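*Asks:* A structural model of the following input is requested.
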Amino acid sequence: MLDSINYPKDIKQLDLRQLQSLADEIRAFLIENIQKTGGHLAPNLGTIEMSIAMHYVFSTPKDSFVFDVGHQAYTHKILTGRKDRIHTLRQKDGISGFTKRAESTHDSFGAGHSSTSISAALGIAIANGIQCNHHKSIAVIGDGALTGGMSFEALNHAGDSNADLLIILNDNDMSISKNVGAMSKYLTKLISGKMYSTMKNKSLGFLQKMPRMHEFAKRSEEHLKGMVLPSTLFEELGLDYYGPIDGHDLPTLIKTLQNLKTQSKPRLLHIITKKGYGLDSAENDPCKFHGIAPAADGSSTLDSYSNVFGRWLINTAANNKDLIAITPAMCTGSGMSEFEQKFPEQYFDVGIAEQHAVTFAGGLATQGLKPVVAIYSTFLQRGYDQLIHDIALQNLNVIFAIDRAGLVGADGATHAGCFDLSFLRCIPNLTIMAPSNGLEMYQMLNTAFNMQSPVCIRYPRGVANVEKYETQDTVEIGTAKVLLKGEKIAIFAFGNKVDIALEAGAELGASVIDMRFVKPLDTQLIKEMASTHQRLISIEDNVISGGAGSAISEYLHQQKITTPLHLLGLPDEFTEQGTQAELYQQYGLTAKDIINATKI
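*Replies:* Take a look at the predicted model:
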């Protein structure tokens, strides 16, 4: 059946039995393909029926679907003309793992970071009203995104509007790791009551058989809910609340959406789904199967930078109860799972709430504790105001362990950590370090823990290139390290670009410097290299604009040093998706590119 489905119009002629068969085929199709390409498996297995029902009832692109996070949208992609390209998912020059406006007119809003769908869909709904059309705007929020504060800002606005907005809350009790926070507990409590569930099930069948009772039910609903669930949150915010219903029950989903389509007030449908639905291994371990690597991927015996960070946390916390580890819903990705189990009282997962994570750490620091915020580079962007005003301005001793810095690969532009050196370097009071391997990273973490000011340690996705790294050693603040002594050419390398700098340096007979610090720079060594070499090259896994190489350039200019400096880094554009190796080659960050730079 799937072979004959190319666009949403193709499913509108199917009956319910055929739709269920289609769901089963899509589930098998996704499992087969994602195991080859890698991608977000468990979240998408949980949203197949929901996506089919949405396309059956509504008509994109006139009606707008705004998927939160975006990694719930694979079925949406299959039904909107991209089925035959699913095998290119997350590959170079292939289709994105997230919704992307440039990819399809059916993708009404791009996604990647969470908690944005209600705001965007509300904007679309209000625009529809201003333009006097009757198009529908539907936000799909779930997978933990309701823990983000931006969702509540949008709910507050939506409830005070007359916008024709439907919010579908996909509740699977999970974000990437286990969901956390009061909202999760509230939803769990709401759906667990026997009386409520019984009333819902019976009233659904009753109203389907007697549609004329709809108006009576609408008038009575508030009073009934008041008896069963006093002051339900969403209705207090001004939204009409419906549910919860089974998000894998296609007939119920379709009937409910058809009813809600006729309404024009802000309304919320609460559906219950199971992450990994239909694949036993994914259902039993949805965290592990949230995102999977391609089947052909080899595995290294060396620890990743994230695992090095996790080991440092455990070893340091064993001797220091003041260490507090904080994550905005990225426990597993940041290498903190074992730490959470061993030191639960020193661990805080604050949900998808990066701004809160940063300021929360600041509050801890004012009381003499040593907070460590583990955060992806791309997500730190969301806490930038708090980093400046709540941490740096007060010079609080918070450590930021910035994971996934630089090019991350298949997740593409939304997750690439290409800007952190540029947006951090301009902030007073910050110390910024960039380790070139796991040992250096461990030493830098030791150094940061002994400091009394804010510190950022940025490191890439990937293996840390050393077998042994646990040490008590530290590094001297603001000092670089000469790894190779040569003539004529000096290469200043930052972070994970040190290895290729050594490769190029050996061929060129050049000096190679592991800069280690972006702020403060080792200006004495830069000046020495400039005076003893004829040409300078800097290389970093960050945009050139305002990055580490720019810092060197600024210093040379201030000192009126005229030794030519060539900057290698990422261009002034949003990067594409692909493997890290493919992207390094595309953007000129290989040993060959360093060698070619000497000929310019």
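*Asks:* which residues sit against stretch 451-460?
*Replies:* Applying C-beta atoms under 8 Å, 6 or more residues apart in numbering, the contact partners of stretch 451-460 are 305, 309, 377, 387, 391-392, 395-407, 417, 420-421, 424, 429-435, 441, 444-445, 447-448, 477, 495-496, 541. Quick note: C-beta positions are derived from backbone N, CA and C, even for glycine.
*Asks:* ok, of those, which come out buried?
*Replies:* Buried members of those, scored by 16 or more other C-beta atoms under 10 Å, are 305, 309, 377, 387, 391-392, 396-407, 417, 420-421, 424, 430-435, 441, 444-445, 447-448, 495-496, 541.
*Asks:* so of the contacts of stretch 451-460, which ones are in strands?
*Replies:* Among the contacts of stretch 451-460, the members found in strands (DSSP state E) are 399, 400, 401, 402, 403, 431, 432, 433, 541.
*Asks:* how far is stretch 522-530 from where the chain is centred?
*Replies:* 38 Å (C-alpha atoms, centre = their mean, to the nearest Å).
*Asks:* give the contact list for the spatially most central residue of the chain.
*Replies:* Among the residues of the chain, the one closest to the centroid is residue 113, at 4.9 Å (C-alpha atoms, centre = their mean). Residue 113 makes contact with 69, 378, 379, 382, 414, according to C-beta under 8 Å, 6+ apart.
*Asks:* closest one of the residues you listed to residue 329?
*Replies:* Checking these against residue 329 with C-beta to C-beta, the nearest one is residue 379 at 9.1 Å.
*Asks:* my read: that closest one touches residue 327, true?
*Replies:* No: judged on C-beta atoms under 8 Å, residue 379 makes no contact with residue 327 at a distance of 10.1 Å.
*Asks:* the more surrounded of those two?
*Replies:* Neighbours were counted for residue 379 and for residue 327 using other C-beta atoms under 10 Å; residue 327 has more, 28 against 21.
*Asks:* just for this protein, where's the confidence low?
*Replies:* Low-confidence segments of the chain, defined by pLDDT under 70: 70, 143, 173-232, 282-283, 285-293, 295-299.
*Asks:* what comes up buried for whichever helix in it runs longest?
*Replies:* Selection of the longest helix in the chain by residue count, based on DSSP state H, yields helix 16-37. Judged by neighbour count using 16+ other C-beta under 10 Å, the buried positions of helix 16-37 are 19-20, 22-23, 25-27, 29-31, 33-34, 37.
*Asks:* now swap in stretch 372-385 and tell me
*Replies:* 372-384.
*Asks:* I'd guessed residue 360 sits against residue 354; true?
*Replies:* No: Residue 360 is beyond contact range of residue 354, at 10.4 Å (criterion: C-beta under 8 Å).
*Asks:* if you count what's nearby, which of the two comes out ahead?
*Replies:* More crowded of residue 360 and residue 354, by other C-beta under 10 Å: residue 354, with 28 against 21.
*Asks:* so the more buried one makes contact with residue 328?
*Replies:* Yes: look at residue 354 against residue 328 with C-beta under 8 Å: they come within range, at 4.7 Å.
*Asks:* tell me, what's touching those two both at once?
*Replies:* 375, 379.
*Asks:* what about residue 330, which SS state?
*Replies:* What DSSP: H, G, I helix; E, B strand; the rest coil gives for residue 330 is coil.
*Asks:* re the thing from before, list the contacts of the longest helix of the chain.
*Replies:* 1-2, 5, 11, 14, 40-41, 44-45, 48-49, 52, 56, 74-75, 78, 86-91, 94, 250-251, 254, 277-279, 292, 294-296.
*Asks:* residue contacts, residue 320?
*Replies:* If a contact means C-beta under 8 Å, 6+ apart, then residue 320 has 370, 449 as its contacts.
*Asks:* any idea which element it lies in?
*Replies:* Using DSSP states H and E, residue 320 sits in no helix or strand.
*Asks:* phi, psi for it please.
*Replies:* The phi/psi pair for residue 320 (degrees, to the nearest 10) reads phi -150, psi 110.
*Asks:* state the distance from it to residue 469.
*Replies:* Residue 320 is 19 Å from residue 469, where distance means C-beta to C-beta, to the nearest Å.
*Asks:* cool, and residue 27?
*Replies:* If you measure residue 27 against residue 469 using C-beta to C-beta, the figure is 42 Å.
*Asks:* same question, residue 16
*Replies:* Separation of residue 16 from residue 469 (C-beta to C-beta) stands at 58 Å.
*Asks:* and residue 396, by the same measure?
*Replies:* Remark: distance between residue 396 and residue 469 (C-beta to C-beta) = 28 Å.
*Asks:* distance between stretch 560-573 and the chain's centre?
*Replies:* Taking C-alpha atoms, centre = their mean, the mean C-alpha location of stretch 560-573 is offset from the chain mean by 30 Å.
*Asks:* and what of stretch 247-265?
*Replies:* For stretch 247-265, the separation from the chain centroid amounts to 30 Å (computed by C-alpha atoms, centre = their mean).
*Asks:* run through who's touching that stretch.
*Replies:* 16, 19-20, 23, 46-47, 49-50, 52-54, 56-58, 136, 162, 164, 166, 170-171, 204, 208, 214, 240, 242, 245-246, 267, 269, 271-274, 277.
*Asks:* could you do stretch 441-449 as well?
*Replies:* With contact meaning C-beta under 8 Å, 6+ apart, stretch 441-449 is reached by 305, 308-309, 311-312, 316, 320, 323, 370, 399, 401, 431, 433, 435, 455, 457, 459, 464, 469-475, 477, 516.
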